[in-house]
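1. need a 3D model of the following:
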Amino acid sequence: MNEHAREAHAACSYGSERLFVFRNSIEGGTFIVVKKEKRHNGGQTAESIVAAFIEKQRKTAKGQRLEMLQRDLSGTIKLLTDLLLPVFGTLEGFHLEYEIVGTNGIKLYADVFYEPLGLVFECDGYVPHVELMTRDRFSFERMRMRTFALGGYMYFPFSRDELDKKTEMCRRAVYEVLGKRGRGGAGLRDLPVHERELLRMAVDVSIFGPADVREWLGIREEKARLLLRSMTQSQLLVRVGGGERRCHRYSIAEQGKELLRKP
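-> Residues are numbered from 1 along each chain as shown. The predicted structure is shown next:
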């Protein structure tokens, strides 16, 4: 248990994981932290998972994005290894040097983008990002943050010093934003309970099937099939592969992702 945790609030199954919810009191305030306990597949180390992920991203990149991925990624590697992989337990749904086009047509690149919830994560060192920053660069960084906000993305920056010295604090911050942004926005609460919980469960996987839905929701096969059909028709889910009459895999559609992103 985290050293700041005062009371274990709840513990419940979440797919193949265990969720631990702690009520914390820090500096007179109270907030909820939702913490996941995960294991890496095949017993791989975080370093090997991150290295393979970066190589995969490079193979599918081209143009300026590929050029960005060939540069020094030490900050990004630290962000993935020390923060994001321990919190999420997987790098599915993440993109490196994700291209975002601003309203002025300028292409910007987010260091680490989590597509299911529209989260932008970045890690910067003090010397290159502050001491050596020019006035023009400072103005560009402000414009860049505005572009993220206008696009509906949540910008979540960390300093290298924070990741070095206050790793647990940084992880708690990510757990908090997952609890607020990814598990219960206003639009999501308007959905029927099974549709709402399916989206919440599916946010951490890229593709899922009827068997996953039955396990997550504890429902029978026929109910799972009807639920998937209904959510596909309402454009909350999209089919992956299969034919017109038969489909075994699904993913969250853009409309479903928008509901998850709303605060």
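2. contacts for the host helix or strand of Met143, please.
-> Here Met143, judged by DSSP states H and E, is contained in helix 135-150. With contacts defined as Cβ atoms under 8 Å, 6 or more residues apart in numbering, helix 135-150 is touched by 100, 102-103, 106, 108, 110, 120, 133, 154-155. To be clear about C-beta, it is placed using only N, CA and C from the backbone, and glycine gets the same treatment.
3. so which elements touch the helix or strand that comes right after that helix?
-> On the C-terminal side of helix 135-150, the closest following helix or strand by DSSP H and E is strand 154-159. For strand 154-159, the elements it packs on are strand 119-124, helix 135-150, helix 167-181, judged by 3 or more Cβ pairs under 8 Å, 6 or more residues apart in numbering; DSSP states H and E.
4. pull the CA atoms of the shortest one into PDB?
-> Listed in PDB are the C-alpha atoms of strand 119-124, where the atom choice follows Å, rounded to 0.1, in the frame of the first residue of the first chain:
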ATOM      1  CA  LEU A 119      -4.000  12.100 -23.200                       C
ATOM      2  CA  VAL A 120      -0.700  13.700 -24.200                       C
ATOM      3  CA  PHE A 121       2.300  12.800 -21.900                       C
ATOM      4  CA  GLU A 122       5.700  14.500 -22.100                       C
ATOM      5  CA  CYS A 123       8.900  14.500 -20.100                       C
ATOM      6  CA  ASP A 124      11.400  17.400 -20.300                       C
END
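5. what angle separates that strand from helix 135-150?
-> For strand 119-124 against helix 135-150, the angle between stretch directions is 160 degrees (axes from the mean of the first three to the mean of the last three Cα atoms, to 10 degrees).
6. can you tell me what sits against strand 119-124?
-> Looking at what lies outside strand 119-124 - Cβ under 8 Å, 6+ apart - the contacts are 75-76, 78-79, 83-84, 98, 110-114, 148, 153-160, 163, 177, 181.
7. relative to helix 167-181, how tilted is that strand?
-> Between the axis of strand 119-124 and that of helix 167-181 there is an angle of 160 degrees, by the same axes, to 10 degrees.
8. I appreciate the help and will end here.
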